[in-house]
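Enquirer: would you be able to build a 3D model of this:
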Amino acid sequence: MKRLVIFLAVSFLITWICWGILVPPARARTIAYGSLPFMLLYMFGGLGPTIAAYVAVLATRAQSPLKEFHSRLFRWRVAGWWYLIALALPVALALASVGIAVFVDPDFPKGLSVRPWYMFAPLFLVMVAGGGLEELGWRGVAQPEMERRAGRPAAAVLVGLIWSLWHLPLFILPGVGQYGDNFPVFAIGIVGGALILAWLYGRTESILLCVLFHAGWNAVAALGLAVPPARRLPAVLDACLRLIVGALLLAIGSARSNKRLQATTSGAITEHGD
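Expert: You can find the predicted model right below:
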């Protein structure tokens, strides 16, 4: 619990101070997105969960050392299909959302501006820092800490709700993507993303893969394959799609884990009986 409290306190403190400082001058139009002071504070605030993760781990080394944290962060020796899932699932979800949006709103493509597909790679690299590194905190610290007390699904929902609240200052900060958006719809989508990432982390125990998924998710949005919040019904359906997919993946993962546990227990009983 101590590690979780430290992580959340430091993360919100860094982020909300940095982004909060930007709100008054940005709303007064004395500073704008793209200017050096704005971008420095904006980017440093975004690194709040990353910095907080290290502060929390270093402050609670008796619980588990930094080496253990790094073993999860740099866990790259996993089956190749997990890399495919981490990179392809954000694209698949985005295409599905756009398809649903076109189905319910035939005029939707008129407002869609998509960059060339080859821009995905450079955008992805940028988004590793511009979002992906948050996973050191949300999945590296918050998810496992909450999971030990509440179980994986409940922990994922709680992390998603806290994660969405962490973004709250952006909704009153002119110039950023979340400014003026519908926060409840955003929160639903974030909780859905937290469910998917909890499933991915639970199956691989790799923070690295969560970083890749998060970067891919942001890169797809930057590419233009995103449903604008102004499109109310498509935006709600987009958020609900993530929630449903995340819930299904967690449910399937839990069922498989239970089957493996039952098989192991049955084998142990049989062996003991013999």
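Enquirer: and Leu170, which of the three is it?
Expert: Of the three states, Leu170 takes helix under DSSP: H, G, I helix; E, B strand; the rest coil.
Enquirer: that one: how many residues sit nearby?
Expert: For Leu170, the count of nearby residues is 22 (other CB atoms under 10 Å). C-beta coordinates here come from the backbone N, C-alpha and C atoms, glycine included.
Enquirer: one more: Val185?
Expert: Residues within reach of Val185, counting by other CB under 10 Å, total 18.
Enquirer: show me where the stretch 51-200 of the chain dips below the pLDDT cut-off.
Expert: The stretch 51-200 of the chain contains no residues with pLDDT under 70.
Enquirer: what about the helices in it?
Expert: For the stretch 51-200 of the chain, the helices defined by DSSP state H, counting those that start in this stretch occupy 66-73, 80-104, 120-129, 135-137, 143-150, 152-166, 183-204.
Enquirer: tabulate those helices in a markdown table, adding columns for distance to Ile14.
Expert: Shown next, in a markdown table, are the helices of the stretch 51-200 of the chain (distance: least, CB to CB, whole Å):
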| stretch | distance to Ile14 |
| --- | --- |
| helix 66-73 | 19 |
| helix 80-104 | 26 |
| helix 120-129 | 16 |
| helix 135-137 | 11 |
| helix 143-150 | 19 |
| helix 152-166 | 10 |
| helix 183-204 | 19 |
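Enquirer: to Ala28, which of those lies closest?
Expert: With CB to CB, the closest approach to Ala28 among the helices of the stretch 51-200 of the chain belongs to helix 183-204: 22.7 Å.
Enquirer: that closest one versus helix 80-104: what angle between them?
Expert: Angle, helix 183-204 to helix 80-104, by axes from the mean of the first three to the mean of the last three CA atoms, to 10 degrees: 160 degrees.
Enquirer: by how many degrees do helix 183-204 and helix 66-73 diverge?
Expert: 100 degrees.
Enquirer: could I get the buried residue list for helix 183-204?
Expert: Of the residues in helix 183-204, 183, 185-204 count as buried by neighbour count, 16 or more other CB atoms under 10 Å.
Enquirer: stretch 72-91 now?
Expert: For stretch 72-91, a neighbour-count test (16+ other CB under 10 Å) marks 72-73, 82-83, 85-87, 89-91 as buried.
Enquirer: measure the nearest residue to Met119 once chain neighbours are set aside to Ala96 for me?
Expert: Nearest residue to Met119, sequence neighbours excluded (CB to CB, 6 or more residues apart in numbering): Leu223, at 6.1 Å. Note on Leu223: its distance to Ala96, by CB to CB, to the nearest Å, is 15 Å.
Enquirer: out of the two, which sits in the more crowded spot?
Expert: Under the criterion of other CB under 10 Å, the comparison of Leu223 against Ala96 puts Leu223 first, with 19 against 15.
Enquirer: His214 - nearest residue in space that isn't next to it in sequence?
Expert: Closest to His214 by CB to CB, 6+ apart is Gly132, at 4.5 Å.
Enquirer: how near is the one you found to Trp16?
Expert: Counting by CB to CB, the gap from Gly132 to Trp16 is 21 Å.
Enquirer: who has more neighbours, these two?
Expert: A direct count of neighbours by other CB under 10 Å for Gly132 and Trp16 places Gly132 higher, at 24 against 16.
Enquirer: ok so, going back, who touches the residue nearest to Met119 in this structure?
Expert: Taking CB atoms under 8 Å, 6 or more residues apart in numbering, we find Leu223 in contact with 114-115, 117, 119-120, 123.
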